[in-house]
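**Q** Okay, here's the prediction I keep looking at, along with the sequence it came from:
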Amino acid sequence: MNVALIQLNAGINKQQNIQNACANVEKAIDKGAEFILLPEIFNYRGPLTGIDLFNEIAEEIPGESLIPLMELAKNAGVNILAGSIYERSEESNKVYNTSVIINDSGDIICKYRKINLFRAIIDGKEVDESNTYEAGDKSVTCNLNNMKVGLSICFDLRFPELYREYFNEGVDMIVIPSSFTSKTGKLHWEALLRARAIENYCYVLAPNQFGIDGNGVETYGHSMTIDPQGKVISILKDQEEGILISNLSFENQSYIPIINQ
């Protein structure tokens, strides 16, 4: 399977972000990608305070951010991970950080709401997603072209128990769309991604944002694909927009590591 990870620096203009995401998906289609992955909050990375996020940015599913991707998927016969968007919660004025997979018929086949919400103080700035987001409460897998995918988002990466659930369900791939910070990314991004691949013996696909987000926090980029042995197959090291193409082989994949001497 040819997979494409799209690295973005989404900003405060939602419509512009959606158009840019779609343009990059079209480029990935032209490169022969069969499964195309966008990063976390690809449609808006503006301030989370001082704005009516629920009414101005968040949306129902499917909505204005996903419908164009559904059309692209159907017309080109490709699968798309819509990294994550802001989904309106029915229970409060908060929003979910929600990831969906769209299949090659243009249908949404699964929806995952971020369970583990980010909280940290970075360079004196407190970031607490629980002020904005409602946490999800269940793990999600789906079948994609006879491959089983486990869904997660960014800060979930630090909680191995979620991924052990996916191992027990026999996933072939774990997806981790992210907006992972530079400060923590330099220390932990690659190490944790490789650990999740090694522990659970599956591919890890992690498209990340780069650049300064809407809260003034720098994000790390370094989108990467990792194989079940923990080897980094491909990586986008430059702090720039880009598309990372990798070919994944599932023929010899099993749940017992095979080491070639």
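**A** Structure's in. What do you need? What you see is a predicted model, and the numbers here were worked out from it, not measured in a lab.
**Q** For the helix or strand containing Leu162, buried residues please.
**A** According to DSSP states H and E, Leu162 maps onto helix 160-168. By neighbour count on 16 or more other CB atoms under 10 Å, the buried set for helix 160-168 is 162-163, 166-167. In this view, the C-beta of every residue, glycine as well, is placed from N, C-alpha and C.
**Q** How about residues contacting that helix?
**A** With contact meaning CB atoms under 8 Å, 6 or more residues apart in numbering, helix 160-168 is reached by 115-116, 139, 141, 150, 152, 156, 174, 195-196, 199-202, 255.
**Q** average pLDDT for the following helix or strand past it?
**A** Counting by DSSP H and E, the next helix or strand C-terminal to helix 160-168 is strand 173-175. Strand 173-175 shows an average pLDDT of 98 in the prediction.
**Q** Could I get the buried residue list for strand 173-175?
**A** The neighbour-count check on strand 173-175 (16+ other CB under 10 Å) flags 173-175 as buried.
**Q** Nearest to Asn17 among the residues you listed?
**A** Sorting the buried residues of strand 173-175 by distance to Asn17 puts Val175 at the head of the list, at 19.7 Å, by CB to CB.
**Q** Quick check: that closest one vs Gln16, distance?
**A** Taking CB to CB, to the nearest Å as the measure, Val175 falls 25 Å from Gln16.
**Q** Let's verify Leu84: helix, strand, or coil?
**A** To be clear, residue 84 is Ser; Leu isn't right here. Put simply, Ser84 is strand when judged by DSSP: H, G, I helix; E, B strand; the rest coil.
**Q** returning to what we had before: measure how far the helix holding Leu162 is from the centre of its chain, please.
**A** Counting by CA atoms, centre = their mean, to the nearest Å, helix 160-168 is centred 17 Å from the centre of its parent chain.
**Q** ok so, going back, could you redo the buried residues of helix 160-168 as a markdown table and give each row distance to Glu241 and pLDDT?
**A** Shown next, in a markdown table, are those (distance: CB to CB, whole Å; pLDDT from 0 to 100):
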| residue | distance to Glu241 | pLDDT |
| --- | --- | --- |
| Leu162 | 29 | 98 |
| Tyr163 | 28 | 98 |
| Tyr166 | 29 | 98 |
| Phe167 | 33 | 97 |
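**Q** Show me which of the residues you listed is closest to Ile102.
**A** Proximity of these to Ile102 (CB to CB) peaks at Tyr166, which lies at 20.0 Å.
**Q** Could I get the full set of helices for the stretch 101-250 of the chain?
**A** 160-168, 182-184, 190-200 (DSSP state H, counting those that start in this stretch).
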